[in-house]
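Novice: pasting a predicted model and its sequence here:
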Amino acid sequence: MPEAAIVDVDGTLVDTNYHHALAWYRAFREHDLTIPMWKLHRYVGMGGDKYVAAVAGDEVEEELGDELRGRWEAIFDEFIPEIEPLPGARALLVALEERGLTVVLASSSIQSHLDPFLDLLDARDLVDDWTTKDDVAASKPEPDLVHAALDKAGTESAFMIGDTPWDVEAARKASIPAICVLTGGFARAELEEAGAAAVFEGAEELARRLEAALAAA
């Protein structure tokens, strides 16, 4: 059985994916760029350093990338008071800890975005560690975030819990399996096609069926 669980935060433990899409939409609109919301959502979970080019092209990234990321960050700040944990999120963290796993939250967020989520989940004294943007050179789907979390966990015997194909790809590149939940808005078939070892409805079901998830991992 694995020794550690590397747990994504946005879309897995806290209900933020559509807030991220809306923040990006508004940031692009300020520059008279209208990117359809469906497309913006499809790339949520990919790191901000890659996001602009993925949804709008290399030219927009070159001209406006840093400015768009700055505006996305500021707009998302306004949404934080509205954000809530997903059902069963803390129960999942408790179940992982009770199972004897080292639990590291894998976030590429800036610290000011992660802090309120740690408080919402009452997770500071529950999990073993967490990552932030400062821990990685490149974001998902590159494996840097997973490697940083594994370093903090002190073991390579681990699996990842996430909600997007980008989580699955990053885990695969780091040579660990991924278990997924549907709460990020991606379909079961998409996550399975990306390579997820198992897919659960959300953190609540995953906490109840943790032994099955561990066996799959």
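Specialist: Noted; the coordinates are in hand.
Novice: I'd say Asp134 and Gln111 touch.
Specialist: Yes - using CB atoms under 8 Å, Asp134 is in contact with Gln111, at 7.5 Å. (Glycine included, C-beta is placed from N, CA and C.)
Novice: these two: which is more packed in?
Specialist: Gln111 (12 against 9; other CB atoms under 10 Å).
Novice: give me the domain ranges for this protein.
Specialist: 4-15+84-216, 17-81 (automatic domain parsing).
Novice: which residues of this structure fall in strands?
Specialist: Taking DSSP state E as the test, the strands found in the chain are 4-8, 102-106, 129-130, 158-162, 178-181, 198-200.
Novice: now for these, which one comes closest to Ala27?
Specialist: strand 4-8 (22.6 Å; CB to CB).
Novice: and the closest one, what's its mean pLDDT?
Specialist: When pLDDT is averaged along strand 4-8, the result is 98.
Novice: same check, this time on stretch 74-91
Specialist: The model assigns stretch 74-91 a mean pLDDT of 96.
Novice: what residues of that stretch count as buried?
Specialist: Ile75, Phe76, Ile80, Ile83, Pro85, Leu86, Pro87, Gly88, Ala89, Arg90 (16 or more other CB atoms under 10 Å).
Novice: likewise for stretch 92-103?
Specialist: Leu92, Leu93, Ala95, Leu96, Leu101, Thr102, Val103.
Novice: equivalent analysis for stretch 148-166, please.
Specialist: Neighbour-count burial for stretch 148-166, counted by 16+ other CB under 10 Å, picks out 148-150, 152-153, 158-166.
Novice: format the strands of the chain as a markdown table; extra columns: distance to Ala23.
Specialist: Shown next, in a markdown table, are these (distance: least, CB to CB, whole Å):
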| stretch | distance to Ala23 |
| --- | --- |
| strand 4-8 | 18 |
| strand 102-106 | 21 |
| strand 129-130 | 22 |
| strand 158-162 | 20 |
| strand 178-181 | 22 |
| strand 198-200 | 27 |
